[in-house]
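Chemist: Test case, fold it:
(2 chains)
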Amino acid sequence: GENVEQHPSTLSVQEGDSAVIKCTYSDSASNYFPWYKQELGKRPQLIIDIRSNVGEKKDQRIAVTLNKTAKHFSLHITETQPEDSAVYFCAAGAGKSTFGDGTTLTVKP
Amino acid sequence: GAVVSQHPSRVICKSGTSVKIECRSLDFQATTMFWYRQFPKKSLMLMATSNEGSKATYEQGVEKDKFLINHASLTLSTLTVTSAHPEDSSFYICSAEQGGTEAFFGQGTRLTVV
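Modeler: Prediction:
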């Protein structure tokens, strides 16, 4: 089955700095890669996703890059704000998703 | 986006009793729903795939007799935790996909077994 690894497990940045979270996956057949933000006790919220026919996607301060050959994808958050603090999960697959272990992002004001 | 509603959001039950959690797609039909379990500060682990009108498909290591799943209509899937014990305490969350694109998550259910 699919295996998704996510790094780092914790990330602390100063407000205004950029944050990068990286994930690798094992199943070359996977073609959909969402990123979720989850606040304590809440449901995961989709923040951006990318399909395998695209190498990069951007939405305001958030971007995702995908390298299908290397089977890795990354989340980039620029100009971080304290409200970006949360746990971020990468995943492979739509619906039946395999999740990474999560990254706890802390943005210090 | 599509809306998935999960109920209850919190439940406390006594050891040995059963608890039913509902997952509803409010504005679309979901032939397939998914049930996840999340331990504190951990990732979401897929428990089973719920298929409308047929038996659920369970992931390895998940006891199907312990976690009963019923998907009787295109908008409702239920997860029943039978004979619950304290180790079943967890955050349970469902999702439904629409058209093979993004998955929409329910609010989650915090189960505490005392």
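
Chemist: tell me which element residue B:29 falls in.
Modeler: Residue B:29 belongs to no helix or strand when assigned by DSSP states H and E.

Chemist: residues contacting it?
Modeler: Counting by Cβ atoms under 8 Å, 6 or more residues apart in numbering or on different chains, residue B:29 makes contact with B:74, B:75. The C-beta positions use only the backbone N, C-alpha and C, and glycine is treated the same way.

Chemist: Roughly how far does it sit from residue B:35?
Modeler: When Cβ to Cβ, to the nearest Å is the yardstick, residue B:29 and residue B:35 sit 18 Å from each other.

Chemist: and the residue of chain A nearest chain B?
Modeler: residue A:95 (3.2 Å; Cβ to the nearest Cβ).

Chemist: So that residue sits against residue B:35, correct?
Modeler: No: under the criterion of Cβ atoms under 8 Å, residue A:95 makes no contact with residue B:35, lying 11.6 Å away.

Chemist: With neighbour numbers in mind, choose between those two.
Modeler: Of the pair residue A:95 and residue B:35, residue B:35 is the one with more neighbours under other Cβ atoms under 10 Å in any protein chain shown, namely 26 against 20.

Chemist: Which pLDDT value goes with that one?
Modeler: Residue B:35 carries a pLDDT value of 96.

Chemist: Would you tell me what helix or strand the nearest residue to residue B:57 once chain neighbours are set aside is located in?
Modeler: Among residues not flanking residue B:57 along the chain, residue B:49 sits closest, at 4.4 Å (Cβ to Cβ, 6 or more residues apart in numbering or on different chains). Using DSSP H and E, residue B:49 falls within strand B:44-51.

Chemist: Up against chain A, what does chain B have?
Modeler: Residues of chain B lying near chain A by Cβ under 8 Å from any Cβ of the partner chain: B:1, B:32, B:34, B:41-46, B:49, B:91, B:93, B:95-97, B:100-103, B:105-108, B:110.

Chemist: Keep only those of the residues you listed that are in strands.
Modeler: In strands, defined here by DSSP state E, the members of these are B:32, B:34, B:44-46, B:49, B:91, B:93, B:95-97, B:103, B:105, B:110.
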